[in-house]
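**Q** just to be clear, the model below is a prediction. Sequence and coordinates:
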Amino acid sequence: MNLRVISKNIGLALLVDAGFMFLSAAVAAYYHFDSSFAPLLLSALLTLTVGILPIIFVGKGQNRITNVEGLLILFLAWFLSCVFGLMPYALWGGEFSLENAWFESVSGLTATGATILQDIESLPRGLLFWRQATHFIGGLGVVVFMMIILPSAGTVKLRMRQLEVSDTSAGEFNFRSNKIVGVVLTIYVSAMVLCSLLFLLAGMNLFESVTNAFSVVATGGFSTRNASIGAFGSRWIELIAMFFMLVSSMHYGLLYSSIVGRNLNLFRNPVVKFFFASIGIGIVLVFTALMISGTYTNPLEALHQAAFNVISLGSSTGMATVDTSVWPPFCMMILLYFSMQCGCSGSTTGGVKVDRIWLLFRAMRAQIVRTIHPNAVVRVNWNGSAAEVGMINSVTAYVVMYFIILLFCATFYSACGMDMVDSFTGSCACVSNVGPAFGTIGSLENYAQVPTVAKLMMGLEMIVGRLGFYAAFSIFAIRRH
């Protein structure tokens, strides 16, 4: 195992974090050198020093990488980014004890959006910018940022691309490795800029329009207000957020191909059709339940709230307009399902991904047909051809692993003293990188009261969910090389 190439590439990831810390310190300086300036500057200098040392001493020429080295780079880049990312919080103080700083850092960088903060609006602007910027980094991915600054030669970029792109999303990324980074970056930044401009036109100030766009397009969930996006009291702002949450749930390769007029078209893709159909059905079901239960008497208000919250959780964003924990249990079950499914592979969303759900349903249907007609030859179509048995097995195993992790962590949280609703929905929110759960950690609540040990475990669960289970658990199967 080449420790030099591993340390060099992890150093590149830390340089990305340092760059955004310096930017956040600049924001703090702009706002009259607020109280977060010194913590951010010190954190940036420490992160820069640790990141640049292996690059200086390793030098050039280390461009080959194995699967084992790639997995270690992937895991350690995320983990160490979260560790260094907690420094601005911990140095600033306030509500940020060490475990709270860890939780907030991981939640931001994994684009989960769960928070321990009880008073977000009391944060200085520089630290608030850093908090939102961690979504910008985490949505695009620490590894994708690292690939941007990697040299085009060598096998490092190709190997990291293979590890970062999931099994069900690779088909629509039919570009060269260098082109994939450009495609993702173009769609991501363009959506971010457009969302910011529309927020600005809808009434947000410049700071809040940019920082909330970070959160929406990254499908993260952090907001600059205690009451999340609902604090602005603007239907236009909420509609803009809904649109960009849906856009960010789409496969970036398909989005790019549809915009530039390539053969692949977003709206002819069966997975995208399934996603929109499921979102539509979810909205109708929640709307109907809200009206029948008398939660809302105004049909337009009920429809708006149903649509926003189904889209918010179905995109793994987790922004809130109301407290969904007081909704009828049927509504909460529908929202819990969307917290598990989430958006398409190749997007910024978390969860199982709708591609896997769609393929699993098709495989189940094929198996039922085979049971009725044992001699029938039944194909499971995927991207215009029969899905390979290996892909179906991979998807099935992934979904099983998802529920094993969810239940294991939920059991762990209950052992820490959390009640059943908080334990199960909190575990679902963390492993799916959704953020809000139900009960005392609902959409307008926070994770401040969660036991310390549970917060530490939730941080690890968020990282595992963001990395993908195969990449995360392959680390434990690595032998010495």
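**A** In hand now; what should we look at?

**Q** three-state assignment of residue 222?
**A** Counting by DSSP: H, G, I helix; E, B strand; the rest coil, the backbone at residue 222 sits in coil.

**Q** that one: neighbouring residues, count only.
**A** 31 (other Cβ atoms under 10 Å). For glycine as for every other residue, the C-beta is placed from the backbone atoms N, C-alpha and C.

**Q** list the buried ones in stretch 340-347?
**A** By 16 or more other Cβ atoms under 10 Å, the buried positions in stretch 340-347 come out as 340, 341, 342, 343, 344, 345, 346, 347.

**Q** with respect to residue 238, which of those residues is nearest?
**A** Nearest to residue 238, judged by Cβ to Cβ, of the buried residues of stretch 340-347 is residue 343 at 18.6 Å.

**Q** from what I see, the closest one and residue 313 are in contact.
**A** No - proximity of residue 343 to residue 313 does not meet the contact threshold set by Cβ atoms under 8 Å, at 10.6 Å.

**Q** return the item of the buried residues of stretch 340-347 having minimum pLDDT.
**A** Least confident by pLDDT among the buried residues of stretch 340-347: that is residue 346, with 80.

**Q** my guess is that one contacts residue 253, does it?
**A** Yes - in this structure, residue 346 is within contact of residue 253 by Cβ under 8 Å, at 5.6 Å.

**Q** OK, contacts around the nearest residue to residue 422 once chain neighbours are set aside?
**A** Nearest residue to residue 422, sequence neighbours excluded (Cβ to Cβ, 6 or more residues apart in numbering): residue 439, at 4.5 Å. Residues in contact with residue 439, defined by Cβ atoms under 8 Å, 6 or more residues apart in numbering, are 325, 419, 421, 422, 425.

**Q** any of those buried? List them.
**A** In the contacts of residue 439, burial by neighbour count holds for 325, 421, 422, 425, counting by 16+ other Cβ under 10 Å.

**Q** pick out whichever of those sits closest to residue 11.
**A** Relative to residue 11, the closest of these is residue 425; by Cβ to Cβ it sits at 38.0 Å.

**Q** list the residues that contact that closest one.
**A** Going by Cβ under 8 Å, 6+ apart, residue 425 touches 336, 339, 437, 438, 439, 441.

**Q** so how far is residue 434 from the last one?
**A** Spelled out, that is residue 441. Look at residue 441 and residue 434: by Cβ to Cβ, to the nearest Å, they are 11 Å apart.

**Q** need the helix or strand of the chain with the lowest average pLDDT.
**A** Counting by mean pLDDT, DSSP states H and E, the chain has its least confident helix or strand at helix 156-164, which shows a mean of 47.

**Q** tally of neighbours for the nearest residue to residue 407 once chain neighbours are set aside?
**A** Closest residue to residue 407 apart from its sequence neighbours, by Cβ to Cβ, 6+ apart: residue 427 at 7.7 Å. Residue 427 has 26 neighbours, counted by other Cβ under 10 Å.

**Q** same check on residue 392?
**A** The number of residues packed near residue 392 is 18, by other Cβ under 10 Å.

**Q** tell me what the host helix or strand of it is packed against?
**A** Element membership of residue 392 [criterion: DSSP states H and E] is helix 389-415. Applying 3 or more Cβ pairs under 8 Å, 6 or more residues apart in numbering; DSSP states H and E, we find helix 389-415 packed against helix 354-372, helix 420-431, helix 452-467, helix 469-474.

**Q** quick one, it and helix 354-372 angle?
**A** 110 degrees (axes from the mean of the first three to the mean of the last three Cα atoms, to 10 degrees).

**Q** what comes up buried for helix 389-415?
**A** The neighbour-count check on helix 389-415 (16+ other Cβ under 10 Å) flags 391-392, 394-395, 398-399, 401-402, 405-406, 409-410, 412-414 as buried.

**Q** which of those sits closest to residue 93?
**A** Using Cβ to Cβ, residue 413 is the member of the buried residues of helix 389-415 that lies nearest residue 93, at 27.0 Å.
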